[in-house]
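Peer 1: Next come a sequence and a model predicted from it.
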Amino acid sequence: MSAAYPTPSAGYSAVRLRPPSAQGAETLVLVGLILQAIGGVIVLAGIVWFFGFSVLFPYPWAGAAVAAAVGVGLLVVVFLYYAYTLSYLRIQRGEYSAALGPTLVLGILSLFVGLLPGILYLVGYVKLGDAIREQAGSAPAYGGYAAAPLGTGQIACRNCGRVHPFGAYTYCPVCGQKLGP
């Protein structure tokens, strides 16, 4: 090979493939976040308008109404922050099991505030479950690894005799027997 493309060293590790359902879940959660952010901007614009109205035309309960509106605005911002950090970022990092619970909770809570983002979160929750099953499954296209680097050798399964690239699988994708010593 050339200097620009060096030969992989012996410590070269295979890249884990991402299940297709994980990409769908990430997209659904992102669209839900965008819709909630748009709703949050509308709520915050309403708060600014309401605050301006109460300053120009004061009435006896203006302070309590403005405090309630600001509280709702802060709740929207906190909800968006937690949705982003607990669900979307975990899906991006490949932590599907860790994102499963928060995505379900966000979906249920979002049904009360905005119907469409809640539905998107719930469908994203289902897709995350599919991604976890695909990742744990024995199908090499989804749960396996990319092609092993050249020169790393092969290993045969003791149970079925199939030959696989060394280090690509912990368990035989055909019979499920543990590969290696």
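Peer 2: Good, I have the coordinates.

Peer 1: any idea how far Pro60 is from Val66?
Peer 2: Pro60 is 13 Å from Val66, where distance means Cβ to Cβ, to the nearest Å. Every C-beta, even on glycine, is put in place using the N, C-alpha and C of the backbone.

Peer 1: Which of these two has more residues huddled nearby?
Peer 2: Val66 (16 against 7; other Cβ atoms under 10 Å).

Peer 1: which stretch of helix or strand covers that one?
Peer 2: Secondary structure assignment for Val66, by DSSP states H and E: helix 62-83.

Peer 1: the strands in this structure, which residues?
Peer 2: 154-156, 163-165 (DSSP state E).

Peer 1: partners of the last one in the sheet?
Peer 2: Looking at strand 163-165 with DSSP bridges, its paired strands and their directions are strand 154-156 (antiparallel).

Peer 1: Show me what the strand it pairs with is in contact with.
Peer 2: Strand 154-156 is contacted by residues 162-166, 179-180 when judged by Cβ atoms under 8 Å, 6 or more residues apart in numbering.

Peer 1: before we move on, what about stretch 115-135?
Peer 2: Looking at what lies outside stretch 115-135 - Cβ under 8 Å, 6+ apart - the contacts are 19-22, 24-26, 28-29, 31-33, 35-36, 39, 87, 91, 96-97, 99-100, 103-104, 106-112, 142-143.

Peer 1: now stretch 84-96
Peer 2: 16, 18, 22, 25-26, 29-30, 33, 98-99, 102-103, 106, 121, 124, 128, 131-132, 135.

Peer 1: how far away is the spatially most central residue of the chain from Leu80?
Peer 2: Nearest to the geometric centre of the chain sits Ile91, at 1.9 Å (Cα atoms, centre = their mean). Using Cβ to Cβ, we find Ile91 at a distance of 16 Å from Leu80.

Peer 1: Could you do Leu106 as well?
Peer 2: For Leu106 relative to Leu80 (Cβ to Cβ), the value is 10 Å.

Peer 1: Mind checking which of the two has more residues around it?
Peer 2: Leu106 (28 against 15).

Peer 1: list the contacts for the more buried one?
Peer 2: Per Cβ under 8 Å, 6+ apart, neighbours of Leu106: 32, 82-83, 86-87, 121.

Peer 1: Sounds good, over and out.
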